[in-house]
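>>> Dropping a prediction and its sequence here:
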Protein chains: 2
Amino acid sequence: MSRPIDFWFSIGSTYTYLTVMRIGDVTRETGVSFRWRPFDVRSIMIEMNNIPFSTKPIKASYMWRDIERRAAMYGITWSGIPPYPLKDLAFANRIALIGAREGWCADYVAAVYRRWFGRGEDASMAPNITDSLKEVGQEPRRVIELAGTDQINTELDNQTNIARQLGIFGAPTFAVGSEIFWGDDRLDDAIAWQREQDSSLAS
Amino acid sequence: MSRPIDFWFSIGSTYTYLTVMRIGDVTRETGVSFRWRPFDVRSIMIEMNNIPFSTKPIKASYMWRDIERRAAMYGITWSGIPPYPLKDLAFANRIALIGAREGWCADYVAAVYRRWFGRGEDASMAPNITDSLKEVGQEPRRVIELAGTDQINTELDNQTNIARQLGIFGAPTFAVGSEIFWGDDRLDDAIAWQREQDSSLAS
């Protein structure tokens, strides 16, 4: 069994929807596992002045169409363009980070994305976060309070710093050691890279 | 035989190197043909304030690494990062446009990219353009003079307008009717889309 690939993501990233919805199948088909690493992609993008969509309507319109087509290709539900951007991306990812510490991150992120893309409910606010927390067996009040603490705030900053040091500038990004692969459409490349590393270690 | 896919490109686009080097094999393997459509991507990107690399060193560094890895995946030569950006992207593409009118575009663009990426020679200047023109049997003086005329200048503007009206904002872009697919990594999607169109027309 090879080491898991680091799956760096932010709830709020649009293409991350595709990854979240298919990553379970990818693991079943390939045997590759993933470590879910939430971070705050928005703060990195702002500091780089990397604004791909909000001031670029033609590119944004293409992005949604591309996601719609690729969702169809993967057999993933598409219910139209969801609300974008999220009201509070950092808060959404502080909850994901608690999930990563406590073991319910993958299920929670899938739940929150299904409500965001499927029902048009902002993934950083109630009712999405409360319903998604309940769905994965967590008490919303406890988690939301914890997400507001300095400790979790600092921990998300720390994770974002690790991402920054790896050279990550967008989400999703797959990291195999120091080698990074940006975009849902680079997941196959990341898996191929890891296999090559494993086979050269074995030989 | 299905209609050709429009291959919108600009000499000067980095990822277009991958497409130019593999498109012949793609045609042999799939039977899909391509119409080469040079345009001036830079003018569209400037008007959209879409500046992905020149002010974003971390993203640019990733882009080169990604191209290097994907070149290896496709079996395409990689000789290090070439000079970038080109001194005169519009001029480079006025020559490609003459090639498209006269029937030597694909061979010329492959020649100019091989010198740009393989030998580090700017694809908009001598000696690259003169040597590449000679390689495809064209007299450099004649073509370079023609590329400086108002007629060719206007024709490149017209092509760029057609691209703009299709919603194209980057290169390479593959167009199947009004459906556009941006990036070398969307070539498979474009081919799949065209096949679906063909089979629904046939049924």
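Received it, and whenever you're ready, just let me know what you need.

>>> Angles on the backbone of the most centrally placed residue in chain A, please.
For chain A, A:Phe9 is the residue whose C-alpha lies nearest the centre (C-alpha atoms, centre = their mean; 3.0 Å). A:Phe9 adopts backbone torsions of phi -150, psi 160, taken as degrees, to the nearest 10.

>>> residues contacting it?
For A:Phe9, the contacting residues are A:Thr16, A:Thr19, A:Val20, A:Trp36, A:Arg37, A:Pro38, A:Phe39, A:Val41, A:Val109, A:Ala171, A:Pro172, A:Thr173, taking C-beta atoms under 8 Å, 6 or more residues apart in numbering or on different chains as the criterion. For the C-beta atoms, the positions are set from N, CA and C on the backbone; glycine is no exception.

>>> Looking at stretch A:159-177 now, give me its mean pLDDT.
For stretch A:159-177, the mean per-residue pLDDT is 97.

>>> how about it: buried residues?
Of the residues in stretch A:159-177, A:159-160, A:163-164, A:166-176 count as buried by neighbour count, 16 or more other C-beta atoms under 10 Å in any protein chain shown.

>>> and if you look at stretch A:47-66?
Using 16+ other C-beta under 10 Å as the burial criterion, the residues of stretch A:47-66 that qualify are A:Met48, A:Asn50, A:Lys56, A:Lys59, A:Ala60, A:Tyr62, A:Met63, A:Trp64, A:Asp66.

>>> Quick check, the first one in contact with B:Lys56.
Yes - taking contact to mean C-beta atoms under 8 Å, the distance of 5.6 Å between A:Met48 and B:Lys56 places them in contact.

>>> Common neighbours of these two, please.
Common contacts of A:Met48 and B:Lys56 (C-beta under 8 Å, 6+ apart): A:Phe169.

>>> Spell out which residues of chain A are next to chain B.
Counting by C-beta under 8 Å from any C-beta of the partner chain, the residues of chain A close to chain B are A:48-50, A:55-56, A:58-59, A:61-62, A:66, A:69-70, A:73, A:167, A:169, A:180-182, A:185-186, A:189, A:192-193.

>>> ok, now with 10 Å
By the criterion of C-beta under 10 Å from any C-beta of the partner chain, the positions of chain A lying close to chain B are A:44-45, A:48-52, A:55-59, A:61-63, A:65-66, A:69-70, A:73, A:164, A:167-170, A:173, A:179-183, A:185-186, A:188-189, A:192-193.

>>> Specify the local secondary structure of A:Phe174.
The three-state assignment at A:Phe174 reads strand, by DSSP: H, G, I helix; E, B strand; the rest coil.

>>> for the closest residue to it other than its chain neighbours, phi and psi?
Using C-beta to C-beta, 6 or more residues apart in numbering or on different chains and skipping the chain neighbours, the partner closest in space to A:Phe174 is A:Ala190 (3.7 Å). The phi/psi pair for A:Ala190 (degrees, to the nearest 10) reads phi -60, psi -40.

>>> roughly how far apart are A:Ala190 and A:Gly120?
Using C-beta to C-beta, to the nearest Å, we find A:Ala190 at a distance of 31 Å from A:Gly120.

>>> Looking at those two, which has the bigger crowd around it?
Just comparing A:Ala190 and A:Gly120: by other C-beta atoms under 10 Å in any protein chain shown the higher neighbour count belongs to A:Ala190, 24 against 13.

>>> so who does the more buried one touch?
Contact analysis of A:Ala190 by C-beta atoms under 10 Å, 6 or more residues apart in numbering or on different chains lists A:5-7, A:32, A:34, A:172-176, A:179-183.

>>> So it versus A:Ser200, what's the distance?
For A:Ala190, the distance to A:Ser200 under the criterion C-beta to C-beta works out to 16 Å.

>>> hmm, back to that, among the residues of chain A next to chain B, name the ones in strands.
Filtering the residues of chain A next to chain B for membership in strands, criterion DSSP state E, returns A:Thr173, A:Glu179, A:Ile180, A:Phe181, A:Trp182.

>>> doesn't A:Gln194 make contact with the second one?
Yes - with contacts counted by C-beta atoms under 10 Å, A:Glu179 reaches A:Gln194, the gap being 8.8 Å.

>>> gap between the helix ranked longest in chain A and the chain center?
When chain A is parsed with DSSP state H, its longest helix is helix A:57-74. When distances are taken as C-alpha atoms, centre = their mean, to the nearest Å, helix A:57-74 is centred 17 Å away from the chain's centroid.

>>> what mean pLDDT does stretch A:188-199 have?
Averaging pLDDT along stretch A:188-199 yields 93.

>>> in it, what's buried?
A:Asp189, A:Ala190, A:Ile191, A:Trp193, A:Gln194.

>>> Read off the pLDDT value for A:Ile51.
The per-residue pLDDT reported for A:Ile51 equals 77.
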